[in-house]
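Undergrad: Sequence first, then the predicted structure:
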Amino acid sequence: MTTLLYTHPACLDHDTGFGHPECSARLTAILNMLRTSPFAALEWRDAPKAEIAQLTRIHPLAHVEQLLARIPRHGHYAIDGDTILSPQSGEAALRAAGAVCAAVDAVLKGEANNAFCAIRPPGHHAEPRQAMGFCLFGNVAIGAAHARAAHGLERVAIIDFDVHHGNGTQAAFEQDAGYLYISTHQAYIYPGTGRRDERGVGNIVNLPLLANSGSADLRHVWQQDIEPALREFQPQLILISAGFDAHYLDPLAELNFNEDDYRWLTEQILAVAADECEGRVVSLLEGGYNLPALAASVAAHVKALMEAPRIVQRSLVKRILERQKAKRNAASS
Amino acid sequence: MYEFLQYQVCDAMTADPIAISPASKLREVEELFENHDFNGVPVVDAQRRLLGVVTKFDLLKAFSFDAHALVPHYDEIMEQPAEAVMSRDPVSVAPQLPLSRLLQKMVEMRVKSLPVVENGRLVGIVAREDLLKALRRATIRHELPVHEEP
């Protein structure tokens, strides 16, 4: 059993224009890192294109068709000031969403412990009817909907630790208790959503953090909010919207996470996954705009995914010890 | 504007800035303010470790009414050492901090400049004017030409 890496060269060809922070160099930096020897055990797989039927579980068909029709033959087309289409953007967006569906298939069939999708464009800002914030299709939402529709799962959890709130993912699922969406993000920045009182049908857990929050704040919200919500929900699969722009060197926000925080958080998620859903985790790239920090953070995240069996084992031992302790206590009382 | 996101503090700061010792007289500080367009001047020890900052407000504060004298005595106050009026443990930034984050910090703190410290030593100073200059530099070239329709 291993960790799968889904990616595709088309994701490098989505061209956002000169100097745009969501650039193909992000993915190049990540892939170069994942080609080094510590990651030799990763099983690389080409991301397939998402089928239209997979996209339309989240986006109305008319919206999908309109978006794809706007792909320019030459140059660029701006959906908004920052969300740019180039000739190869359509295929990149289909491969990005397709990667998540394929990773969900592989993990639910037991072909791997878990998977990481090194993809762009990112997806968590894409609302069902509106591409925005560098995002074209809602990759994580499409993957989550695929897990339920194609594999019959009843409960899918999404943890989004990108520094920006995933308004698109929230919009897709806020009326459906079969999904749990948990987001940590910086308060009062783009896209302006993600207040704590946005709770959907009790299935949305927004944890806005003030500027300059760091490792201690992340650990606090994990213990107070994320882990209890996750365990209560009893997910059958956990998806991670893995944005790394909460890093202290990222230029687009002001949170202060570091590589070790991403390793720690990944291990916590894996430990819950081990207890609740046989360790089934699919993670996918969202933001992260300082290239060295992004590559190092992805490395820490993926290394933790690769070490999942050790984490599962540790979690099992912990559970056995707790059970033995409970038995001893019952016997002595 | 995208280029601005790639800048760090070290790209915009004044390196090896003029600094004073804690024993420097306020008269010397006043001369520095007179001769240069400084908002404040860092105070360092012999190893250039940052001890404090004297701003124009700190200098003015020395003349505010207090219990010591009915009227503040100019010559007497100007003989005081910088350490008597400096702001201690000042906020500083690292040279690798993204300039976009520095901008947020300066706006939130309403400061005019901040010392730049690396490995405990003062290596630069960065001011509002440096940020404005960096913003101009980053946006001289036209950004992405945008098609209205494909």
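TA: Sure, I can see it. Numbers count the residues shown, from 1 in each chain, chains lettered A, B, ... in the order given.
Undergrad: and residue A:254, what element?
TA: Counting by DSSP states H and E, there is no helix or strand that carries residue A:254.
Undergrad: Quick check: residue A:47 vs residue A:67, distance?
TA: Separation of residue A:47 from residue A:67 (CB to CB, to the nearest Å): 19 Å. C-beta: built from backbone N, CA, C; applies to glycine.
Undergrad: So which of the two has more stuff around it?
TA: residue A:47 (26 against 22; other CB atoms under 10 Å in any protein chain shown).
Undergrad: Please name the residues that touch the more buried one.
TA: Residues counted as contacts of residue A:47 (CB atoms under 8 Å, 6 or more residues apart in numbering or on different chains) are A:6-8, A:11, A:95-96, A:98-99, A:102, A:117, A:119.
Undergrad: who's in contact with stretch B:26-36?
TA: B:18, B:20, B:38, B:41, B:54, B:56, B:59, B:62, B:77-82, B:84-85.
Undergrad: average pLDDT across it?
TA: For stretch B:26-36, mean pLDDT rounds to 94.
Undergrad: which one is the residue nearest to the spatial centre of chain B nearest to, not counting chain neighbours?
TA: Compute the mean C-alpha point of chain B, and by CA atoms, centre = their mean the closest residue is residue B:113, 3.0 Å away. Nearest in space to residue B:113, with sequence neighbours left out and distances taken as CB to CB, 6 or more residues apart in numbering or on different chains, is residue B:127 at 3.8 Å.
Undergrad: which residues touch residue B:130?
TA: Here residue B:130 is in contact with B:12-14 (CB under 8 Å, 6+ apart).
Undergrad: hmm, 6 Å instead?
TA: Residues in contact with residue B:130, defined by CB atoms under 6 Å, 6 or more residues apart in numbering or on different chains, are residue B:12.
Undergrad: quick one: which helix or strand includes it?
TA: Using DSSP H and E, residue B:130 falls in helix B:128-138.
Undergrad: Export that helix to PDB, keeping only CA atoms.
TA: Below are the C-alpha coordinates for helix B:128-138, written out as PDB (Å, rounded to 0.1, in the frame of the first residue of the first chain):
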ATOM      1  CA  ARG B 128       6.500  54.200   3.900                       C
ATOM      2  CA  GLU B 129       8.400  55.900   1.000                       C
ATOM      3  CA  ASP B 130      10.200  52.600   0.200                       C
ATOM      4  CA  LEU B 131       6.900  50.900   0.000                       C
ATOM      5  CA  LEU B 132       5.500  53.500  -2.300                       C
ATOM      6  CA  LYS B 133       8.600  53.300  -4.500                       C
ATOM      7  CA  ALA B 134       8.300  49.500  -4.700                       C
ATOM      8  CA  LEU B 135       4.700  49.700  -5.600                       C
ATOM      9  CA  ARG B 136       5.600  52.100  -8.500                       C
ATOM     10  CA  ARG B 137       8.500  49.900  -9.600                       C
ATOM     11  CA  ALA B 138       6.300  46.800  -9.600                       C
END
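Undergrad: What residues of that helix count as buried?
TA: B:130-131, B:134-135, B:138 (16 or more other CB atoms under 10 Å in any protein chain shown).
Undergrad: cool, stretch A:168-188 as well?
TA: Neighbour counts over stretch A:168-188 (16+ other CB under 10 Å) mark A:168-174, A:178-187 as buried.
Undergrad: Repeat that for stretch A:259-275.
TA: Neighbour-count burial for stretch A:259-275 flags A:259, A:261-275 (criterion: 16+ other CB under 10 Å).
Undergrad: same deal with stretch A:280-298?
TA: Within stretch A:280-298, the residues scored as buried using 16+ other CB under 10 Å are A:280-291, A:293-298.
Undergrad: measure it end to end?
TA: Using CA to CA, to the nearest Å, one end of stretch A:280-298 lies 19 Å from the other.
Undergrad: Same check on stretch A:106-125?
TA: Length of stretch A:106-125, first residue to last, CA to CA: 26 Å.
Undergrad: mind listing the strands for the chain?
TA: Going with chain A. Along chain A, counting by DSSP state E, strands occupy A:3-7, A:43-46, A:77-78, A:84-85, A:114-117, A:156-160, A:179-186, A:204-209, A:237-242, A:281-285.
Undergrad: Hmm, no, I was thinking of chain B.
TA: Using DSSP E, strands in chain B cover B:14-15, B:40-44, B:50-55, B:87-88, B:113-118, B:121-127.
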